[in-house]
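Engineer: Fold the following, please.
(chains A, B, C and D)
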There are 4 protein chains.
Amino acid sequence: MNSYGTLFRISTFGESHGPAIGVIIDGCPAGLQIDEPFIQAELDRRKPGQSKITTQRKEADTFKILSGVFEGKSTGTPIALVIENQDQRSKDYSHIQNTYRPSHADFTYDAKYGIRDYRGGGRSSARETAARVAAGAIAKLLLKTIGVEIHAYVSQVGDLKAPPYTQLDLAKTEDTIVRCPDAITAEKMIALIDQVRLYRDTIGGVVTAVIKNTPVGLGEPVFDKLHAELGKAMLSINAVKGFEYGSGFEGVTLRGSQHNDEFYNEAGKIKTRTNHSGGVQGGISNGADIYFNVAFKPVATIMQDQTTVDKDGNDAVVEGKGRHDPCVVPRAVPIVESMAALVLADFYLRAKTSRL
Amino acid sequence: MNSYGTLFRISTFGESHGPAIGVIIDGCPAGLQIDEPFIQAELDRRKPGQSKITTQRKEADTFKILSGVFEGKSTGTPIALVIENQDQRSKDYSHIQNTYRPSHADFTYDAKYGIRDYRGGGRSSARETAARVAAGAIAKLLLKTIGVEIHAYVSQVGDLKAPPYTQLDLAKTEDTIVRCPDAITAEKMIALIDQVRLYRDTIGGVVTAVIKNTPVGLGEPVFDKLHAELGKAMLSINAVKGFEYGSGFEGVTLRGSQHNDEFYNEAGKIKTRTNHSGGVQGGISNGADIYFNVAFKPVATIMQDQTTVDKDGNDAVVEGKGRHDPCVVPRAVPIVESMAALVLADFYLRAKTSRL
Amino acid sequence: MNSYGTLFRISTFGESHGPAIGVIIDGCPAGLQIDEPFIQAELDRRKPGQSKITTQRKEADTFKILSGVFEGKSTGTPIALVIENQDQRSKDYSHIQNTYRPSHADFTYDAKYGIRDYRGGGRSSARETAARVAAGAIAKLLLKTIGVEIHAYVSQVGDLKAPPYTQLDLAKTEDTIVRCPDAITAEKMIALIDQVRLYRDTIGGVVTAVIKNTPVGLGEPVFDKLHAELGKAMLSINAVKGFEYGSGFEGVTLRGSQHNDEFYNEAGKIKTRTNHSGGVQGGISNGADIYFNVAFKPVATIMQDQTTVDKDGNDAVVEGKGRHDPCVVPRAVPIVESMAALVLADFYLRAKTSRL
Amino acid sequence: MNSYGTLFRISTFGESHGPAIGVIIDGCPAGLQIDEPFIQAELDRRKPGQSKITTQRKEADTFKILSGVFEGKSTGTPIALVIENQDQRSKDYSHIQNTYRPSHADFTYDAKYGIRDYRGGGRSSARETAARVAAGAIAKLLLKTIGVEIHAYVSQVGDLKAPPYTQLDLAKTEDTIVRCPDAITAEKMIALIDQVRLYRDTIGGVVTAVIKNTPVGLGEPVFDKLHAELGKAMLSINAVKGFEYGSGFEGVTLRGSQHNDEFYNEAGKIKTRTNHSGGVQGGISNGADIYFNVAFKPVATIMQDQTTVDKDGNDAVVEGKGRHDPCVVPRAVPIVESMAALVLADFYLRAKTSRL
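Structural biologist: So this is what the prediction gives:
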């Protein structure tokens, strides 16, 4: 299904080269000020063509609200938001009408549905994430009313890694086109992406997110643990291969005595001295920073010819052409933030009924 | 909520030291032979006290089916399955009635609910996973009817890593008490866990799962991608800190030209030469092996005194006592398999309506 | 599926002649005092053998809580509640193993599932409603904390009708075994049911429910309208054929000028002068009494031989034997109340997120 | 929430006087021929201004498909469908900005959300049902592939009733503007509605639906019984006050021996001699005609001044003006059919997993 969330619930629609993409947000509480310029600013952070290291495809990604907002405020009814598709060069895609691009969804869609809108990857295109960013912007507006802040940034491109988030000034994320708040690492990352692009290739990376000021008590124990839902949300983003939170995969090498986060009382507030838990214990937020890493594979579309088969199983070649991102992570930053915001907004509403 | 799955849907209940834990399985197709000895064998793989490197707590974990099975077969009505709790030393837990164990869920449960069954961790205890294993066994029975095989094993304990799965004989997983199919690594792992235990400490590890013979076409694009749901399922298991599939976090360092899985035609069947995709493309299974890693933190309960606070914020000490696992991953193997089975069974049913 | 509700969600299980029936209640807020004698009293109102006009089958219907309650209060985790089956004369049912009882679910279950637990009707037996009553009792406890009162009673048996609810003293419902608060009508109803029973036949009736003190604002517009959900809940009860609320089917003959409920201000509270709306406008409660009628058909099991076919399509006869109710409505009263309570409890929780 | 259905799932959005209304249909199987002229024809049956006995408001109700259809066929991705609002005389509604119309949703929306798009009733307007009709048309297309036919018609206006459906030629429903297939009754109904209109009043009515050729086995026992879901679907339509199927409310006066539907074998097919069950037994279709009645109250908007209060509780008068239906049932016929189609399409898909 194409919906996400329990109480703050979004349903997206649209193909890369259809008339429009969009989203319905159902369950947004009434009375929220809907800041349209903010939504547009968020979409602009994701849109193609924003810098030399992103695809040169142009989409204005202007949105229109069709319902659910009256005199600038949410009314409690579904907010429908539409983004028209504009820069569709559908004929660019006739070469893949019957041919399966390696590591794309062409083959699996055909196998599943028996029919496929091949233009620009159709529904499997990352263009769908624009709808998520628009909805995520509204989730952020809701979270702002309780002080929650979500910061994502590029922490790794290829082998190049930024220092841990606690050593960074996250306010500097937007200072560079690669969205890494560490200026020196950012410069190296940009150079690497540029070099990869010249080689007509692509490269992967990691986006790290940090969520501050989360109220204690968000997340549902057992299946809908806060970090489990964050994990699903991140893994549902195109090209994501892994998710870890808190100490993550490195934490497995520690001893319990090293890894445990001891509690202490700071001016009447219960806190932990360390934060290997990543702000989540037993699936429920404990008030500390929530932080996690999201691994993105190198973009599958490369500017090189590749061997493959067509839908009848005949050998074929996919030509490397079109306009694509050499590295997806800079544009993925607002998508990661949006999905995190959607998860938290939902848990915030769900938490309202946890006790009498 | 305490339910998981869309069409093959489980709902678990029960606390560590209540009268019983259990699960309702709703949506299991009618006519499935319910192999009760197999369910018991799966529970036995998870149960405590099974070897010297697990907790010495004893639970027979015998189950009783209350509904949904008639003359040995599922009837299409909900299958309710109950496991009585037996070895409850509730008085062992009076020391944590008002004290928050570091990196446990005591504090967050209290904050969320204002009330907490502290005995044995209550609902936050990994005892709840016995219900998942019972349900997972039934999911496995369903998947067997279409040939799907799920193998999990311990691939890492602390710094000790087994070779990649393609170099292992997965039939040997149960040969060692640590459930690593590589005999040499297994021996080292057992020694390490034993040593950690002597130091009254704990250690983390990684469970790897490999799923073979998945039909092409399982998984729903966009939010309910096959790997996203697997990720959520794994992250919902107690103590899990990370999930990666296919090339995972290492994949970010590759170039697209290295990472892409080229298609070819093998005797009329479309396959990929490499499998960085981990058997999933665009969120949908492509028929190749699905494989993924699950990171488990060191168990939070250690046999050492730890500094903490009580529920009023006063400084306190949690004594290290009771019976606990020095390393959770050997017993986590059937849990990982069970959650994978639940995800696949659900997508198998969901795929039945994807086309006319 | 066998679940009902969105936030206050129940999942029932069990067959008439299996080991037990039961229910999981998920989403009950933590901190609710669970009054076990009250739950038992509610079950006793539904149980068989309670009077001369009900079936003489005996079931103690004592329940056991397996989880979710600690020191008398709900903890926010799932409340599992089990009722063992006792008076199972399964051999009474061998005559219907292969024969389809008229107007029962034998044929449709076989057609749908290809397998059927025929003993006592299996899952299709109204025995399942005991689980609903137990869950409904907990919903009532939740609703009591906000003052909501739910009264159902028998308003019609065959052609015998009680006066409108506004002319009745609903406190007298339990005074007669037929559960009609009007003594004179009750006496006639009892005589009629007794007569029908002597003729080895059955008869239908109507249960009316009145809900008082509902807060304004419960119910979700569009699909999950308060009355639409009440309608589904009632129609999901065995033997129900119709549902109407407020002016109902008679309302169609009125003119708008007669039917409209004019608003007025009573001591600062907005009220309506009439209540054809039945307490619901636009799917949302307006604070007035919610009232509705539920039509029950005559019980399908009669003490007479009936012509039918067996599962191979051969002509057959179903003998009239066993122990059954001549009229279901007296025992349906607590079931109607329970389903109403479940609907309202759910909407009460859902309403907590309707605005900032 | 604003979604309906489990596997064939619709989500509607839009207010009466916003830019547009619309619907996302998620879960439509791939490969369905999307007959756009048929969708338009269905919308035209519902649209205002179609005859002298409907409102004279004009809306072209032309729709646009934004996604999910490629080369005329469904692709398995969400089908988004938008209908722009055109004939919006929003200023007509300034008189109700702060005043609560009797028996409308103005008061309850304000109470629930604290904000309300008052123009034309906003979200509570029956304009929302256009989205349902568009989605229902696609559900009908799906059902046509298995031969299911859905016929609704006006069976009652005020006190005027048509004969039972078995005595009618349902092909004649569209022959009269009132959509009653009995010509003589239709004429009387039209005269009555016309008279009521002249008196600046409104009147209620009943829509009856008959569903033929339903496969045996649709519907889920217990909560999601086929008739329970039909009931909810119907009761979710604006102005509906009651639902009954099969023998309905009249069935309560029968004896079991009269009411039971005996099975017999007709040329190898198991059928029932009577159909008091209305095609549903135990919540599951038995292959016989499904038939039910839906009661609609008189339209709340009348062309007369009415006493009420404003949002501050002051006495007020609502003037009778604007363009409204004197009787809603003729236009409700396609809405009833659409909701029935949505229910059946959903159960058709759900039934695909009921057995191995």
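Engineer: Any residue of the longest helix seen in chain A touching chain C?
Structural biologist: Among the elements of chain A assigned as helix by DSSP state H, the one spanning the most residues is helix A:329-350. Yes. Interface with chain C: helix A:329-350 contributes residue A:349 (Cβ under 8 Å from any Cβ of the partner chain). To be clear about C-beta, it is placed using only N, CA and C from the backbone, and glycine gets the same treatment.
Engineer: average model confidence for that helix?
Structural biologist: If you average the pLDDT over helix A:329-350, you get 98.
Engineer: Report the backbone C-alpha coordinates of it in PDB.
Structural biologist: Output of helix A:329-350 as PDB, limited to C-alpha atoms (Å, rounded to 0.1, in the frame of the first residue of the first chain):
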ATOM      1  CA  VAL A 329      22.800  11.800  -0.500                       C
ATOM      2  CA  PRO A 330      22.800  15.600  -0.600                       C
ATOM      3  CA  ARG A 331      19.200  15.600  -2.000                       C
ATOM      4  CA  ALA A 332      18.400  12.800   0.400                       C
ATOM      5  CA  VAL A 333      18.900  15.000   3.500                       C
ATOM      6  CA  PRO A 334      15.500  16.600   3.400                       C
ATOM      7  CA  ILE A 335      13.900  13.200   2.600                       C
ATOM      8  CA  VAL A 336      15.400  11.600   5.700                       C
ATOM      9  CA  GLU A 337      14.300  14.600   7.800                       C
ATOM     10  CA  SER A 338      10.800  14.300   6.400                       C
ATOM     11  CA  MET A 339      10.400  10.600   7.000                       C
ATOM     12  CA  ALA A 340      11.700  11.100  10.600                       C
ATOM     13  CA  ALA A 341       9.200  14.000  11.100                       C
ATOM     14  CA  LEU A 342       6.300  11.800   9.800                       C
ATOM     15  CA  VAL A 343       7.300   9.000  12.300                       C
ATOM     16  CA  LEU A 344       7.600  11.400  15.200                       C
ATOM     17  CA  ALA A 345       4.400  13.300  14.400                       C
ATOM     18  CA  ASP A 346       2.500  10.000  14.300                       C
ATOM     19  CA  PHE A 347       4.000   8.800  17.600                       C
ATOM     20  CA  TYR A 348       3.300  12.100  19.200                       C
ATOM     21  CA  LEU A 349      -0.400  11.700  18.400                       C
ATOM     22  CA  ARG A 350      -0.400   8.100  19.400                       C
END
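Engineer: is it true that residue A:331 touches residue A:44?
Structural biologist: No. Shown here, residue A:331 and residue A:44 do not form a contact pair, counting by Cβ atoms under 8 Å, at 10.8 Å.
Engineer: got any residues that touch both of the two?
Structural biologist: When Cβ atoms under 8 Å, 6 or more residues apart in numbering or on different chains defines a contact, the residues bordering residue A:331 and residue A:44 alike are residue A:50.
Engineer: Those two: who's more crowded?
Structural biologist: residue A:331 (22 against 14; other Cβ atoms under 10 Å in any protein chain shown).
Engineer: so what's the more buried one up against?
Structural biologist: Counted by Cβ under 8 Å, 6+ apart, residue A:331 has contacts A:45, A:46, A:47, A:48, A:50, A:54, A:325.
Engineer: Compare these and tell me which has the most neighbours.
Structural biologist: residue A:46 (26 neighbours).
Engineer: Was I right to think that residue contacts residue A:131?
Structural biologist: No. Using Cβ under 8 Å, residue A:46 makes no contact with residue A:131, being 10.4 Å away.
Engineer: For the closest residue to chain B within the stretch 151-300 of chain A, which non-adjacent residue is closest in space?
Structural biologist: At 2.3 Å from chain B, residue A:282 is the closest residue in the stretch 151-300 of chain A, using Cβ to the nearest Cβ. In space, and not counting its chain neighbours, residue A:282 is closest to residue B:105: 2.3 Å by Cβ to Cβ, 6 or more residues apart in numbering or on different chains.
Engineer: who's in contact with the one you found?
Structural biologist: Here residue B:105 is in contact with A:221, A:281, A:282, A:283, A:284, B:121, B:124 (Cβ under 8 Å, 6+ apart).
Engineer: make it 10 Å
Structural biologist: Neighbouring residues of residue B:105 by Cβ atoms under 10 Å, 6 or more residues apart in numbering or on different chains: A:221, A:225, A:280-284, A:286, B:112, B:116, B:121-125, B:238, B:300.
Engineer: cool, and residue A:202?
Structural biologist: A:193, A:196, A:239, A:297-304, A:324-328, B:254-260.
Engineer: in the stretch 1-150 of chain A, which ranges drop under the pLDDT threshold?
Structural biologist: Scanning the stretch 1-150 of chain A with the threshold set as pLDDT under 70 gives A:87-92.
Engineer: tell me which parts of it are close to chain C?
Structural biologist: A:6-8, A:26-33, A:73-78, A:142, A:145-146 (Cβ under 10 Å from any Cβ of the partner chain).
Engineer: among the contacts of residue B:105, which are in helices?
Structural biologist: residue B:112.
Engineer: shared neighbours, residue A:46 and residue A:131?
Structural biologist: Joint contacts of residue A:46 and residue A:131 (Cβ under 10 Å, 6+ apart) are residue A:338.
Engineer: do you know how far the closest residue in space to residue A:324 that isn't next to it in sequence is from chain D?
Structural biologist: Spatial nearest neighbour of residue A:324, chain neighbours left out: residue A:301 (4.4 Å); criterion: Cβ to Cβ, 6+ apart. Look at residue A:301 and chain D: by Cβ to the nearest Cβ, to the nearest Å, they are 20 Å apart.
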